[in-house]
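1. Structure here, sequence nowhere to be found:
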């Protein structure tokens, strides 16, 4: 059996030890698996991602990437994943090409691999004619494309993707979804957070449903449907029922 890429073990965390946001979270993401992290605003999804990224440290429990915690092997831990944030974060005075080159160097990507990968990505996201444009002159959607291209350029073992569809045009959304299918089939793991449930329902293997900082249900669409008592219902309806049923509001 394959070892998980990501393990979150009994993690409690947040900004204050007196009032933790996350409560005893445990889950795994396996190689070749796409897992959807879903929940209402304020459920703790972004805080969970910040802990996985190492931007916040758990109050209790641990997070392991390829069996290592951040404190055990900082460099290996950080090179295991690439992150696509909800709001694109770019260096305003660097061009599109310079962002891609900087990312390649940060991950130790060889020049030959960079050259093989960068052109198809630029073409897929209709950015091949904008490589010399500075980030300060890009639209929000274009900035998001740069973040996505940087992540897929380095081909990590784990992709952490937070609300990636905001600002993307339909062609770019399709390009991103197609890329996720390709990297998943190659053995990479994907943890994706999104409110566009009708889209990710078709692509994710499993789902983690968060509510008020806790994991209330996890599993396949069929597992969630069974938990909600709504066989064959779409994920949108199942999710709404799960997070509004008695005792959870």
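-> Structure received. Computed from a prediction, not measured in an experiment: that's the story for all the values here.

2. List the buried residues for the worst-scoring helix or strand of the chain on mean pLDDT?
-> Ranking every helix and strand in the chain by mean pLDDT, DSSP states H and E puts helix 74-79 at the bottom, with a mean of 92. Residues of helix 74-79 classed as buried by neighbour count (16 or more other C-beta atoms under 10 Å): 77-79. Where C-beta positions appear, they are placed from N, C-alpha and C, glycine not excepted.

3. and of these, the nearest to residue 140?
-> Using C-beta to C-beta, residue 78 comes nearest to residue 140 of the buried residues of helix 74-79, at 26.5 Å.

4. Contact partners for that closest one?
-> Counting by C-beta atoms under 8 Å, 6 or more residues apart in numbering, residue 78 touches 54, 70.

5. Could you do residue 47 as well?
-> Residue 47 makes contacts with 13-15, 21-22, 56, 213, as judged by C-beta under 8 Å, 6+ apart.

6. Now which of the residues you listed would you call buried?
-> Using 16+ other C-beta under 10 Å as the burial test, these include 13-14, 21-22, 56, 213 as buried.

7. Next, the contact list for residue 8, please.
-> So residue 8 contacts 25-28, 48, 51-52, 61, 63 (C-beta under 8 Å, 6+ apart).

8. for residue 241, same thing?
-> Contacts were defined as C-beta under 8 Å, 6+ apart; by that measure residue 241 touches 228-230.

9. quick one: buried residues of whichever strand or helix holds it?
-> In this structure, residue 241 sits in helix 235-244 according to DSSP states H and E. Neighbour counts over helix 235-244 (16+ other C-beta under 10 Å) mark 235, 238-239, 241-243 as buried.

10. how about the residue nearest to residue 15 when sequence neighbours are not counted, what does it touch?
-> Leaving aside its chain neighbours, residue 15 sits nearest to residue 21 (6.8 Å; criterion: C-beta to C-beta, 6 or more residues apart in numbering). Contact criterion C-beta under 8 Å, 6+ apart gives 13-15, 44, 47, 213 as the residues in contact with residue 21.

11. Closest one of those to residue 119?
-> Among these, residue 47 lies closest to residue 119 (C-beta to C-beta), at 37.3 Å.

12. Could you measure from the closest one over to residue 22?
-> To residue 22, residue 47 is 6 Å away according to C-beta to C-beta, to the nearest Å.

13. For those two, list the residues in contact with both.
-> Residues touching both residue 47 and residue 22 by C-beta under 8 Å, 6+ apart: 13-14, 213.

14. the domain parsing of the chain - what is it?
-> Here the domain assignment for the chain is 1-80+156-249, 88-155, based on automatic domain parsing.

15. List the buried residues in stretch 174-192.
-> For stretch 174-192, the buried set under the neighbour-count rule, 16+ other C-beta under 10 Å, comprises 175-177, 179-180, 183-184, 188-192.

16. what are the ranges of the strands in the chain?
-> Ranges of strands within the chain are 6-13, 22-29, 34-39, 60-65, 81-84, 158-162, 189-193, 206-211, 214-219, based on DSSP state E.

17. any residues touching the fourth one, and which ones?
-> Translated: strand 60-65. Contacts of strand 60-65 (C-beta under 8 Å, 6+ apart): 5-13, 24-26, 51-52, 69-70, 76-77, 80-81, 158.

18. Now that we have these, which of them are buried?
-> 5-9, 11-13, 25, 51-52, 69-70, 77, 80-81, 158.
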